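**Student:** quick check, what structure comes out for this input:
(2 chains)
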Amino acid sequence: MGVEIRVEGLTKSFGRQVIWQDVSLSIPAGEISVLLGPSGTGKSVFLKTLVGLLKPDRGHIWIGDRDLPYLPEHQLYETRKLFGVLFQDGALFGSMNLFDNIAFPLREHTRKTEAEVKRIVLEKMDLVGLIGAEHKLPGEISGGMKKRAGLARALVLDPEILLVDEPDSGLDPVRTAFLNQVFIDLNAQLDCTFLIVTHDINTARTVPDNIGLLYQRHLAMFGPREMLLSSEEPVVRQFLNASKVGPIGMSEEKDASELEAEARMGLDSGKLPPIAPQQMPSNGLLRRGQHAPGAWCAAHGVTPPPGSFVDELGRNWVEEWPRYVASFGQNAAAQGGGHVPLGKGPGAQH
Amino acid sequence: MTTPGIGADQEGRKKGGGSSAALRRFSDGATNVAIKEPGRFFALCLDTFRAMFQRPFQWREFIQQSWFIVSVTVVPTMLVAIPFGGILSLQVGGLIRQLGAQSFTGATAVVAIVREASPLVTSLLVAGAAGSAMCADIGSRKIREEIDAMEVLGINPLHRLVVPRMLACAFIALFLNGLVSVVGLIGGYVFNVVLQDGTPGAYLASFNAIAQLPDLLQAEIKAFVFGITAGLVAAYKGLNAKGGPKGVGDAVNQTVVITFMLLFLENFIISALYFQFVPSKGM
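**Tutor:** As a prediction, the model looks like this:
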C-alpha cells in the first residue's frame, strides 16, 4: 500500500562542497513523483540518501514513523526491505546470471521453494521483456537490458517504495515509452510510491503525479505535475521546455551579462506548451489513484495553456475523465463491487 | 532572477585565499591520513568482527574464496620459497664456514626460515597476490554499485563478502606458512648438502638442537594475523574505492603498500614478544 516519504531540511555535502541544502518535501504515498535537475545537481546522491546509503549532514527522512538516517543498523536493513531501487546501470551482480540476479532477494529474504522462486522470477522477467535471457551474464547484455533486469530485481519483493535512477539513459525512445507504461501499470497494480530521477522531459511531462526540480543546491520547486507544467518560474520553465533561454547555462548558471543580452534581444522561451494528459494504465488494469486532469489548475485559478489535456486521439481528458472514472465504477459493480477506485476523485488536492 | 542561495563552500572560499587555503588543504590532508583513515579502518574492523558472529555463516563463499586464494598463491609461494631457502644456505652457510661452525648450518635454517622467512614470504604473497585480487574484486563491485545494491536489498556486505574473504585469507595463510617452511627447509637442505658439501647428519642434528615447537606455533600465529590484516585492508580499500576503474587501480596499489607495511610491523611486534616470552632452546 505505498508509504509516504517525508523529507525535512535535508542537507548533504562532500567535504566542503555542498551538494544540496534544506531540501524539504513529502512524496505522497502511492503516487509517482519525478525528480529533475541539471546534470551534477546531486539527484543520484539524493536517491542514495533516501535509502540510507549516504548519511545526510542534517535533516530527517521519515518513512512512516522511522527516521531513516538515525536508525540502528538492523532496523535500517529491515526498513530497506520496503524499498526497491533501480540503479543507474542496473547494478547487477557480475558473477551471477540474470535469473540468479533476479532471484537473489527472494532466496535471501524468503523461504519460498525453488519452484515458486522460478515462477516469480519468470513473471517479472516477462514484465520487463527479458524472457529468454535468463542464462546470460550481465557482462554479455546491453545497457538497456541491464536496466530492465535491474528493474525486475527491484520488483521481486513487491516493494512499497520504488526508487528509479534514470530509467531512460541508454534506452531507446520506444523502450523508454514502454518502460514508462510499465511504471504506470506497476503503480496501478502495487500502489507503491515511486520516485523517478530522470532527464527525459517527455517522461517528466506525462508520467508523474508530482514533479520536483533540484537546481543550485536547492529544491527549486516540488508539487503536482500541473503546477510545474504551468509555472512561470524561469528555471522550472526553461528546464521543462528544454530551452536554451533562461537562467541555466552550460556550466550551471549564466552570468548577469548573458541574461541581460537575452533580455535585450527579446528572447523568451516562448509560450508555455500545452499540458499533455497523464499516461493511463494499460487496458484492463485497475484505475490508479491519480488526480483528475485540470483539477489543480481549476482549484488554483490557473488557466492551462491552450490545447492542454488533449491526447493524440483528440480526446480532451478534462471532459473524458468523469466517464473514465465511471467506467471503473461499472466494472466494479459488474464484478460484484470488487475494486474500489483508489483515486482521490476530481478536485482532489494536496 | 535571484540566485537561490549560495553554497557554504563559496562562503568558505571567500574568507581565505592563497596561502591560507593551501595551508588548509594541507591540514585537511594531514588530518585525513593521520586520524580519519585509521579511524574508519578500525570502525570497519569492529563492524566486521561483529558481522563474523552473524548467522548463517557464508560457507560457500568461504570455500570458494579459499580455493581462489590457494589458486593464486600456491605456485608463486613455492617458487619463492625454494630460492629463498637456497640463498639463506648460501649466504649464511658461507659466513658460518668462515667462523668454523659449519655443522650449525641446519640451525640457521630454523632461525631464518621457520621463525622469520616463512611468515614474511607468506605475508608477501598474501598481501601481493591474495589481498590485491580481493581488493580488485570488492573495488570493482563497489564502483559498479553492486555493494550499494546489496545493501539496498537488505544484505550486509560485511557479513556476505568481507567476513568469508578475511577468514579464507587467514585460513589459507596458515597452510601457506607451512608450505613455505617445508619447501624452504628442503631447498636449504639441498643447497647445504649438495652444493656446500655439508653433511646431512650435521644439518639435521643442529636443526634439532635449536628447533622447538613454539617456533612453528609463533610462525603460524603470525601467518594467521597476517591473513586477517591483509583481508581487512583489502576489504577497506575495496569498499572505499571511488572514481571508476582508475579508483580501483589506486585502491589495489594502496592495499599492497599498506598491507606490506602493516605486516612487517606486525611481524616485528610478534617476534619481539616471542623472544620476550619464550626462552630459546639451549644448545
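**Student:** and the pLDDT at A:Gly337?
**Tutor:** Listed pLDDT for A:Gly337 reads 38.
**Student:** swap in B:Leu99?
**Tutor:** In this model, B:Leu99 carries a pLDDT of 85.
**Student:** try the one 10 residues further on
**Tutor:** pLDDT recorded at B:Ala109 is 72.
**Student:** C-terminal to the helix or strand hosting it, what's the next element?
**Tutor:** Here B:Ala109, judged by DSSP states H and E, is contained in helix B:105-109. Following helix B:105-109 in sequence order, the next helix or strand is helix B:118-125 (DSSP H and E).
**Student:** other residues contacting that following helix?
**Tutor:** Residues outside helix B:118-125 that contact it (C-beta atoms under 8 Å, 6 or more residues apart in numbering or on different chains) are B:73, B:76-77, B:80-81, B:84, B:173, B:176-177, B:180-181, B:184, B:219, B:222-223, B:226, B:230, B:259-260, B:263-264, B:267. The way it works is simple: take the backbone N, C-alpha and C, and place the C-beta from them, glycine included.
**Student:** low-confidence ranges, the stretch 251-350 of chain A, go.
**Tutor:** For the stretch 251-350 of chain A, the stretches flagged by pLDDT under 70 are A:251-253, A:263-270, A:329-350.
**Student:** kindly apply the preceding question to chain B instead.
**Tutor:** B:1-18, B:281-283.
**Student:** please enumerate the helices of it.
**Tutor:** B:8-15, B:18-31, B:37-51, B:59-99, B:105-109, B:118-125, B:132-143, B:146-152, B:157, B:163-190, B:200-210, B:213-239, B:244-277 (DSSP state H).
**Student:** go on, chain A?
**Tutor:** So, for chain A - with DSSP H - the helices run A:43-50, A:73-80, A:98-109, A:114-127, A:143-155, A:173-190, A:201-206, A:225-229, A:234-240, A:256-264, A:295-299, A:317-334.
**Student:** chain center to the first one: distance?
**Tutor:** Taking C-alpha atoms, centre = their mean, to the nearest Å, one finds helix A:43-50 lying 13 Å from the centre of the chain it belongs to.
**Student:** how about the CA coordinates for it, as CSV?
**Tutor:** The C-alpha coordinates for helix A:43-50 follow below in CSV (Å, rounded to 0.1, in the frame of the first residue of the first chain):
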residue,chain,number,x,y,z
LYS,A,43,19.9,13.8,-7.9
SER,A,44,21.5,10.4,-7.6
VAL,A,45,23.0,11.5,-4.3
PHE,A,46,19.5,12.4,-3.1
LEU,A,47,18.2,9.0,-4.1
LYS,A,48,21.1,7.2,-2.3
THR,A,49,20.4,9.3,0.8
LEU,A,50,16.8,8.3,0.7
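**Student:** which parts of stretch A:223-237 are buried?
**Tutor:** A:223-231, A:233-237 (16 or more other C-beta atoms under 10 Å in any protein chain shown).
**Student:** any chance of the helices of chain A in CSV, plus distance to chain B?
**Tutor:** Formatted as CSV, the helices of chain A follow (distance: least, C-beta to the nearest C-beta, whole Å):
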stretch, distance to chain B
helix A:43-50, 7
helix A:73-80, 5
helix A:98-109, 5
helix A:114-127, 14
helix A:143-155, 8
helix A:173-190, 18
helix A:201-206, 20
helix A:225-229, 16
helix A:234-240, 5
helix A:256-264, 7
helix A:295-299, 23
helix A:317-334, 32
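**Student:** show me just the buried residues among the contacts of helix B:118-125.
**Tutor:** B:73, B:77, B:80-81, B:84, B:173, B:176-177, B:180-181, B:184, B:219, B:222-223, B:226, B:230, B:259-260, B:263, B:267.
**Student:** for chain A, which element, helix or strand, carries the lowest mean pLDDT?
**Tutor:** Within chain A, no helix or strand scores below strand A:252-253, which has a mean of 66 by mean pLDDT, DSSP states H and E.
**Student:** which residues does B:Thr255 contact?
**Tutor:** B:Ala127, B:Gly131, B:Ser132, B:Cys135, B:Val233, B:Ala234, B:Lys237, B:Gly238.
**Student:** and which of those is nearest A:Phe104?
**Tutor:** B:Gly238 (20.3 Å; C-beta to C-beta).
**Student:** could you find the closest non-adjacent residue to that closest one?
**Tutor:** Using C-beta to C-beta, 6 or more residues apart in numbering or on different chains and skipping residues adjacent in sequence, the residue nearest B:Gly238 is B:Ile138, 2.9 Å away.
**Student:** what sits against the one you found?
**Tutor:** B:Ile147, B:Leu161, B:Val162, B:Arg165, B:Ala234, B:Ala235, B:Gly238, B:Leu239, B:Ala241.
**Student:** what of A:Asp67?
**Tutor:** Counting by C-beta under 8 Å, 6+ apart, A:Asp67 has contacts A:His60, A:Ile61.
**Student:** in the sheet, who's paired with it?
**Tutor:** A:Trp62 (DSSP bridges).
**Student:** pLDDT added to the buried residues of stretch A:223-237, as CSV?
**Tutor:** Below are these laid out as CSV (pLDDT from 0 to 100):
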residue, pLDDT
A:Gly223, 88
A:Pro224, 89
A:Arg225, 87
A:Glu226, 85
A:Met227, 86
A:Leu228, 85
A:Leu229, 84
A:Ser230, 83
A:Ser231, 82
A:Glu233, 80
A:Pro234, 80
A:Val235, 80
A:Val236, 81
A:Arg237, 79
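**Student:** spatially nearest residue to residue 190 (excluding sequence neighbours)?
**Tutor:** I'll assume chain A. Nearest to A:Leu190 is A:Asp158, by C-beta to C-beta, 6+ apart, at 6.1 Å.
**Student:** to clarify, I was referring to chain B.
**Tutor:** B:Gly86 is the one closest to B:Val190 (C-beta to C-beta, 6+ apart), at 7.4 Å.
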